[in-house]
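A.B. asks: Provided below are the primary sequence and the corresponding predicted coordinates.
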Amino acid sequence: MTTIAATPVALRDALEPDARLEALLAAGVFEPIDVELAYGLTSIAPSAHDATVRLAIALASRAVRDGHTCLVLSDVAPFDAGVTAEPPWPTATQLQAALRTSPLLAPAVHEGVPALVLHDDRLYLQRFDAFEARLASAVQARLARAPFAHDEQDAARLAQLFPEAAEDRAQHDAAALALRSALAIITGGPGTGKTTTVLRLLAALLAREAPDALPEILLLAPTGKAASRLTESVRSGLSALPVDLLDEARRRVIPMQADTIHRALGVHPDHPHRPRHHAGNPLPADIVIVDETSMVDLPLMARLFDAVRDDARLVLLGDADQLASVDAGAVLRDLVEAPALASCVSTLRRSRRFSAESALGALVFALRGDDWSAVSAALDGVTFLPDDGRVVPPVVLDAVRVHAGRLASATSPADALAELGRWRLLTALRRGPTGAEAINAQLVAERGDALAVGTPVLVIENAPDDRLANGDLGVVWQEPDGRRVVLFPGEDGPRAVGVRRLPRWEAAFAMTVHKAQGSEFDTVHVLLPPPPSPLLTRELVYTAVSRARHGVTLVASRAAVEVAHGARVRRATGLRERLASGTLDRG
């Protein structure tokens, strides 16, 4: 199957310009990739409605960049970009009519697949239609699997493993469901015990097997940082689990190091679309556990489901209330909210990290619900710093400088990594005067060296040869011999990587909320844009606040939080509809 890519600029220049597309490109509504794709596809298969089809293609490309897997035609509204040229902006009906007559919806003779796919009101670029169909089919296949056998011994083991079930059965019942299911989804907020539940589930599963027939287990997460946190949780959880509940022989089967999904699948940066493990060469694991699933985009989730053996167990952990992946899809939320998967989903609500009586806990719990009065009351216990949205308040920059100083003066690698996890400035914006890029650039300029000792480093590229992945967070350190290295959490303590071996990275004095997913810090400052920013959503504020273990300071107005609480992230996808219908027929 050939993926249709954007055409060279030379081809666009050779075509008759489309005044509407060019104006929308100049206005920033479209990126060059959107317009190039529109010109390129319509030049391959021209029709009588090229202008309308070109607009639909550019909008569909933009939708994918915005995190949607498809374009909902009935939601398309005109952009005011000063375009007065004909033809006028089409209605949803006109968009549908033009697309249905386009050769681009018919299988291409030389490829056997359509460039575009239309499902009723949803327009897909072919690649994302294929990913969504593959994932829906894989999920349905798991739903159709007969339950794994379970007996009274299993029930007795679970009763022993979950002695607190008399007060709160949620963890016990989640493990019981996963014990018999080919697919189990355990969702819950921070500190609700998702990892604890899975460890006890593994203990119950391992107790079933003879010592010479123990299953292969994989622990996975979408980023290096999330994998490190999962590793820490598993190690601490195992040390707290009595030997009589899980003997040493079986304990050794549980991996002491979680891996990233990319590394496990064998996705190499040079060949991202050809993983080593796939349906024809599945992962050599009997049990696959995936943490922080809300961060997994549609293409990666489809590849993961492809690579898990049909007879293996798959357990997905995550918080469906968090921000979805920065890339296309909202897979965890779609799965959790799909009625067809109700029997596979367990929700944990009781937090062990903080109580609802604590100021931070009250805010986190309130943000998950629809009651603004509860959120407003919880905000009374939170520190606010005034912010006009135009510049970073000096007091916030001073806090960043103080933290940078503590990182630079750490007395040992362990102390440096511990300090790295004590505080972080989180921003909603990446670019602009209050964005992470500008804040980091200012701190780097003040220190005079991008790799000055104490600089927080965020890896932004997978480097499997050096065991580094996108999302890994480290800190610059100077060895006794004067060499500078970057410290990262390792299996047996701090791990040093020479600065010349670093893959692409960026300073991380400030991080976007998206980049901070999968991380935890003792306290955070959260810098929010003023209303009416489209970034102000409930999921953004909830994700930012829940990165903190003990305290949060909001650099924002209460009005900004109120606007955010009333705005939910809604990504256009068709996954729930496919799962509900059980059919993958194209419209």
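C.D. replies: Yep, that arrived.

A.B. asks: okay, now the unreliable bits of the stretch 1-150 of the chain?
C.D. replies: 1-15, 80-86, 108-112 (pLDDT under 70).

A.B. asks: shaky segments in the chain?
C.D. replies: Segments of the chain classed as low confidence (criterion: pLDDT under 70) are 1-15, 80-86, 108-112, 166, 269-270, 272, 354-357, 582-587.

A.B. asks: so what's the residue nearest to the spatial centre of the chain up against?
C.D. replies: By Cα atoms, centre = their mean, the mean C-alpha position of the chain lies nearest to residue 295, the distance being 1.4 Å. Contact partners of residue 295, counting by Cβ atoms under 8 Å, 6 or more residues apart in numbering, are 222, 223, 226, 318, 322, 324, 325, 517, 518. Glycine gets a C-beta too; all of them are placed from N, C-alpha and C.

A.B. asks: what's the closest non-adjacent residue to it?
C.D. replies: If the residues on either side of it in the chain are set aside, residue 295 comes closest to residue 222, at 4.4 Å by Cβ to Cβ, 6 or more residues apart in numbering.

A.B. asks: any chance of TSV for the contacts of residue 295, columns secondary structure?
C.D. replies: Written out in TSV, the entries for the contacts of residue 295 read as follows (DSSP: H, G, I helix; E, B strand; the rest coil):
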residue	secondary structure
222	coil
223	coil
226	helix
318	strand
322	coil
324	coil
325	coil
517	coil
518	coil
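
A.B. asks: which one of those is nearest to residue 277?
C.D. replies: Nearest to residue 277, judged by Cβ to Cβ, of the contacts of residue 295 is residue 222 at 15.9 Å.

A.B. asks: give me the distance between that closest one and residue 122.
C.D. replies: The spacing between residue 222 and residue 122, counted by Cβ to Cβ, to the nearest Å, is 26 Å.

A.B. asks: so the two - more neighbours on which side?
C.D. replies: In terms of neighbours (other Cβ atoms under 10 Å), residue 222 is the more surrounded of residue 222 and residue 122; the figures are 28 against 24.

A.B. asks: surely the more buried one touches residue 260?
C.D. replies: Yes: applying Cβ atoms under 8 Å as the test, residue 222 and residue 260 come out as touching, 6.8 Å apart.

A.B. asks: most neighbours among the contacts of residue 295, which one?
C.D. replies: Neighbour counts for these peak at residue 222, which has 28 neighbours (criterion: other Cβ under 10 Å).

A.B. asks: which ones are touching it?
C.D. replies: Residues in contact with residue 222, defined by Cβ under 8 Å, 6+ apart, are 260, 261, 290, 292, 293, 295, 296, 300, 325, 471, 518.

A.B. asks: nearest spatial neighbour of the last one, skipping sequence neighbours?
C.D. replies: Think residue 518. According to Cβ to Cβ, 6+ apart, the nearest residue to residue 518 is residue 226 (3.2 Å).

A.B. asks: burial measure for residue 527, as a count.
C.D. replies: Applying other Cβ under 10 Å, we find 27 other residues in the vicinity of residue 527.

A.B. asks: bridged to it, which residues?
C.D. replies: When bridges are assigned using DSSP bridges, the partners listed for residue 527 are residue 427, residue 555.

A.B. asks: surely it and residue 556 touch.
C.D. replies: Yes: taking contact to mean Cβ under 8 Å, the distance of 7.2 Å between residue 527 and residue 556 places them in contact.

A.B. asks: what do these two both touch?
C.D. replies: A shared contact of residue 527 and residue 556, defined by Cβ under 8 Å, 6+ apart, is any residue touching both; here these are residue 387.

A.B. asks: and the helices in the stretch 101-250 of the chain?
C.D. replies: Listed from the start of the chain, the stretch 101-250 of the chain has helices (DSSP state H, counting those that start in this stretch) covering 126-143, 152-161, 170-180, 194-208, 224-240, 248-251.

A.B. asks: what's the closest of these to residue 333?
C.D. replies: Within the helices of the stretch 101-250 of the chain, the stretch nearest residue 333 is helix 126-143; the backing value is 13.7 Å (Cβ to Cβ).

A.B. asks: can you dump the C-alpha coordinates of that closest one into CSV?
C.D. replies: Once side chains and other backbone atoms are set aside, the C-alpha atoms of helix 126-143 remain, and they are given as CSV (Å, rounded to 0.1, in the frame of the first residue of the first chain):
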residue,chain,number,x,y,z
GLN,A,126,-6.7,7.0,3.6
ARG,A,127,-3.9,6.3,6.1
PHE,A,128,-6.0,7.2,9.1
ASP,A,129,-9.0,5.3,7.9
ALA,A,130,-6.9,2.2,7.6
PHE,A,131,-5.4,2.7,11.1
GLU,A,132,-8.8,3.2,12.6
ALA,A,133,-10.3,0.2,10.8
ARG,A,134,-7.3,-2.0,11.8
LEU,A,135,-7.6,-1.0,15.4
ALA,A,136,-11.4,-1.5,15.5
SER,A,137,-11.0,-4.9,13.9
ALA,A,138,-8.3,-5.9,16.4
VAL,A,139,-10.4,-4.8,19.4
GLN,A,140,-13.5,-6.6,18.1
ALA,A,141,-11.4,-9.8,17.7
ARG,A,142,-10.3,-9.6,21.3
LEU,A,143,-13.9,-9.0,22.4
